[in-house]
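**Q** Sequence below, structure please.
(one chain, ligands or ions: 2)
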Amino acid sequence: MRMADDPARVVIFDTTLRDGEQAPGFTMDVLAKASLARALDALGVDVIEAGFPIASPADAEAVQHIAREVRRPTIAALARCRRQDIEEAARALAPAARPRIHTFLATSDLHLAAKLHMTRDQCLEAIVDAIRLARRFTDDVEFSAEDATRSDPEFLCRVIEAVIREGCTTVNLPDTVGYGTPDETRDFFAAIRARVCNADRAVFSTHCHDDLGLAVANSLAAIQGGARQVECTINGIGERAGNAALEEIVMALRVRRNRLPYDTGIKAEALYETSQLLTSLTQEAVQANKAIVGRNAFAHEAGIHQDGMLKDPRTYEIMRPQDVGQPAAQLVLGRHSGRHAVQQRCDTLGLRVSQTELEHVYREVIMLGERRKAVGDGDLRRILDRLRTAAEPVGAASAPVETIGYGHGV
Ligand code: KIV
Ligand code: ZN
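**A** Ligands and ions are numbered 1, 2, ... in the order given. Okay, here's the model as predicted:
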């Protein structure tokens with residue numbers, strides 16, 4: 001079955017190399033972009049937006065390089081609704097096996113008046129001309145109505161109907177400033193699709209920014225409203241607060257399939273290494289608690305949690321680290337840890353400890369954890385060595401009693 005024939009299939013459009021790379025601190029040179037594009041191909045994304053060729057010669061070169069080298073996914077290039085932009089995008093995409101020209105223009109009255117100094121009619125005319133021109137180069141043309149979620153729905157529908165009539169195959173309705181809420185986004189997509197008479201001839205796409213931390217929730221809601229392409233980025237990088245994070249969307253669809261019965265072509269086991277590659281190419285770290293790919297996403301320090309994990313990982317994990325390619329779950333030893341986790345780490349290290357020794361080691365771990373972020377394997381060995389070589393009898397530890405309670409005693 002072709003992707004377009006499967007109503008449950010969501011196209012993953014990755015814009016890490018365009019919207020993501022546009023963010024301060026995330027600039028990549030041509031070779032770095034090409035290496036990320038290869039990783040995105042291996043990850044299974046359907047569309048790679050490789051750049052905005054008119055923006056700079058380096059952008060154009062990167063698009064061309066990727067178009068030549070990465071053959072399976074569709075390669076998209078961004079262009080404003082201007083002749084020069086579209087021709088430059090077409091030139092950069094010339095070597096591509098599956099080229100897509102992605103052209104955009106704002107449709108909200110605010111952008112038209114304040115930024116573009118255009119009337120609605122001028123806007124519509126520029127868009128129609130752009131689609132006609134883009135279609136001369138490729139059958140695969142996407143139009144984005146920038147600031148769609150703050151546009152007048154009546155005018156937006158006129159624009160959408162017109163672009164589909166001109167042969168546009170993907171209609172993207174971006175929440176450019178991250179203003180929408182999930183319920184609103186779902187209703188927005190459902191209403192627009194119901195109102196546009198030729199809506200069935202195009203794939204509707206969502207592109208959400210994270211200004212209110214709702215980009216992923218809004219993207220999922222858009223899918224519920226009928227969107228079948230999601231524009232997203234690795235680690236959620238992008239303008240301002242970023243775009244919807246690819247890894248979060250993919251795993252939400254996978255883990256909550258009962259509520260979100262949609263498929264992607266993503267090989268989830270490659271999510272972590274792709275995230276790590278982006279981090280190393282840009283030297284921009286991912287926050288520790290970032291869902292799916294952060295270093296704490298599968299780490300447990302609280303004693304009660306560690307105890308649960310040791311008994312059955314499903315108590316505190318809704319997916320396994322290996323499902324997304326993360327290293328095995330870590331029971332981090334620190335001031336919140338419990339005896340079971342200390343015991344387990346000693347076992348893993350081949351350190352056979354008696355009950356009395358365990359009690360001593362546990363107290364020392366809690367005390368050390370007061371001063372340090374984490375207690376490592378070397379610390380455990382040293383604590384035990386010291387204990388065993390100490391003159392005083394085992395069990396007469398001098399830990400102050402008031403520090404013991406931090407580990408919940410589990
Ligand atoms: O956020 C936005 O509206 C965009 C468009 C150019 C797709 O990035
Ligand atoms: Zn954007």
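
**Q** in the sheet, who's paired with the residue nearest to Asp6 when sequence neighbours are not counted?
**A** Spatial nearest neighbour of Asp6, chain neighbours left out: Asp263 (7.5 Å); criterion: CB to CB, 6 or more residues apart in numbering. To be clear about C-beta, it is placed using only N, CA and C from the backbone, and glycine gets the same treatment. Legend: beta-bridge partners of Asp263 under DSSP bridges are Arg9.

**Q** Next one: Asp263 from ligand 1, what distance?
**A** Distance, Asp263 to ligand 1, by CB to the nearest ligand atom, to the nearest Å: 24 Å.

**Q** now swap in Val159 and tell me
**A** For Val159, the distance to ligand 1 equals 14 Å [CB to the nearest ligand atom].

**Q** Can you give me every residue that contacts the residue nearest to Asp6?
**A** Under the criterion of CB atoms under 8 Å, 6 or more residues apart in numbering, the neighbours of Asp263 are Asp6, Ala8, Arg9, Val10, Leu253.

**Q** Could you rerun that using 7 Å?
**A** Applying CB atoms under 7 Å, 6 or more residues apart in numbering, we find Asp263 in contact with Ala8, Arg9, Val10.

**Q** Name the SS class of Ile292, please.
**A** coil (DSSP: H, G, I helix; E, B strand; the rest coil).

**Q** can you check the one 5 residues further on too?
**A** Remark: Ala297 carries the secondary structure label coil [criterion: three-state DSSP].

**Q** Nearest residue to it in space, please, no chain neighbours.
**A** Ala291 (6.2 Å).

**Q** pLDDT wise, what is the one you found at?
**A** With respect to pLDDT, Ala291 scores 98.

**Q** wait, isn't it in contact with Glu248?
**A** Yes: using CB atoms under 7 Å, Ala291 makes contact with Glu248 at a distance of 5.2 Å.

**Q** The two: which has the busier surroundings?
**A** More crowded of Ala291 and Glu248, by other CB atoms under 10 Å: Glu248, with 22 against 15.

**Q** The more buried one and ligand 1, how far apart?
**A** Distance, Glu248 to ligand 1, using CB to the nearest ligand atom: 18 Å.

**Q** Excluding sequence neighbours, find me the nearest residue to that residue.
**A** Val216 (4.6 Å).

**Q** Next: Ala67.
**A** Ala96 (3.7 Å).

**Q** For the stretch 201-350 of the chain, which segments are assigned as strands?
**A** Assigned strands in the stretch 201-350 of the chain, in chain order: 203-208, 229-232, 299-300, 330-331 (criterion: DSSP state E, counting those that start in this stretch).

**Q** right, so those: which one is the most enclosed?
**A** Among the strands of the stretch 201-350 of the chain, ranked by average contacts under mean count of other CB atoms under 10 Å, first place goes to strand 229-232 (a mean of 28).

**Q** circling back: of all the strands of the stretch 201-350 of the chain, which one comes closest to Asp41?
**A** strand 229-232 (16.0 Å; CB to CB).

**Q** Identify the neighbouring strands of the closest one in the sheet and state each direction.
**A** Strands adjacent to strand 229-232 in the sheet, as given by DSSP bridges, are strand 11-14 (parallel), strand 203-208 (parallel).

**Q** Generate CSV for those, with distance to Asp46 and mean pLDDT as supplementary columns.
**A** Shown next, in CSV, are the strands paired with strand 229-232 (distance: least, CB to CB, whole Å; pLDDT from 0 to 100):
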stretch, distance to Asp46, mean pLDDT
strand 11-14, 5, 98
strand 203-208, 11, 98
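
**Q** how far away is the residue nearest in space to the middle of the chain from ligand 1?
**A** The structure's the chain has its C-alpha centroid closest to Ala245; by CA atoms, centre = their mean the separation is 2.0 Å. Separation of Ala245 from ligand 1 (CB to the nearest ligand atom): 15 Å.
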